[in-house]
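*Asks:* with the sequence up front, the predicted model follows.
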Amino acid sequence: MSSVRKFKAKQLAELRNKSKKELLTECAELKKELHKLRVAQVSGGAPAKVANIRNTRKNIARIFTIISQITKQKVREEIKRQNQTLLPLDLRPKLTRKERLRIPNELRFKKTIRQKKLIQKYPRRKFAVIDPSLQLPKEVMQANIKTVLSEKKSSNRYRRYLQKKQQTVQLVQKRRQVKVAKKNNAKIARKAKKSAKAEQEK
């Protein structure tokens, strides 16, 4: 087989049908030819010969790849025949280092007893995001507040916040009522004084 040109599909198919010994002999012939071409390159031979060096190198590489593919295929067949589960490292899928060292899917989402207890104690919170431009009706607001207050949990922050808010509102209302009562009492006292003075003048 000439090393001048690149191997074509038909030639590669013929090489795949050959045995390993025949492929190695062909490879040895190509190596001898490559050696001759190298000598011609050093001695300043014809440029046509020098141009063939690349093709011969590539053809040798192609033969070696065919040999490796054939050997791997035979090993796969042998492993299948013996019903072995573990494959050699060469035949395993070539993944990245991160993918190779990744935890298997059975253990990926497994949790320890401590983690499970923590999840039970502090479950994941879900917050409703409300658009500030839209205003909820008063009935809905009151219903939400009632539901929050009904949960008797000391750890509920929103409940504590609402309780404090209600306490402050109640205090403000009481103060306002006291002020209004004082004002009313003062008005009544003034009216009584005026009426008393009027009676005295008469």
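*Replies:* Looks like it arrived, so ask away.
*Asks:* CA atoms of stretch 103-116 as PDB?
*Replies:* What follows is stretch 103-116 as a C-alpha-only set of coordinates in PDB (Å, rounded to 0.1, in the frame of the first residue of the first chain):
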ATOM      1  CA  ILE A 103     -21.400  11.400  44.200                       C
ATOM      2  CA  PRO A 104     -23.800   8.800  42.700                       C
ATOM      3  CA  ASN A 105     -27.500   9.700  42.400                       C
ATOM      4  CA  GLU A 106     -28.500   7.300  45.200                       C
ATOM      5  CA  LEU A 107     -26.400   9.100  47.700                       C
ATOM      6  CA  ARG A 108     -26.600  12.600  46.200                       C
ATOM      7  CA  PHE A 109     -29.700  13.800  48.100                       C
ATOM      8  CA  LYS A 110     -29.400  11.500  51.100                       C
ATOM      9  CA  LYS A 111     -29.400  13.400  54.500                       C
ATOM     10  CA  THR A 112     -28.000  12.500  57.900                       C
ATOM     11  CA  ILE A 113     -30.200  12.200  61.000                       C
ATOM     12  CA  ARG A 114     -28.900  15.600  62.200                       C
ATOM     13  CA  GLN A 115     -29.900  17.300  58.900                       C
ATOM     14  CA  LYS A 116     -33.300  15.700  59.000                       C
END
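*Asks:* can you list contacts of that stretch?
*Replies:* Defining contact as CB atoms under 8 Å, 6 or more residues apart in numbering, one finds that stretch 103-116 is touched by Ile119. Any C-beta I mention is one placed from the backbone N, CA and C, and that applies to glycine too.
*Asks:* so which strand or helix has Asp131?
*Replies:* Under DSSP states H and E, no helix or strand contains Asp131.
*Asks:* which residues does it contact?
*Replies:* Contacts of Asp131 (CB under 8 Å, 6+ apart): none.
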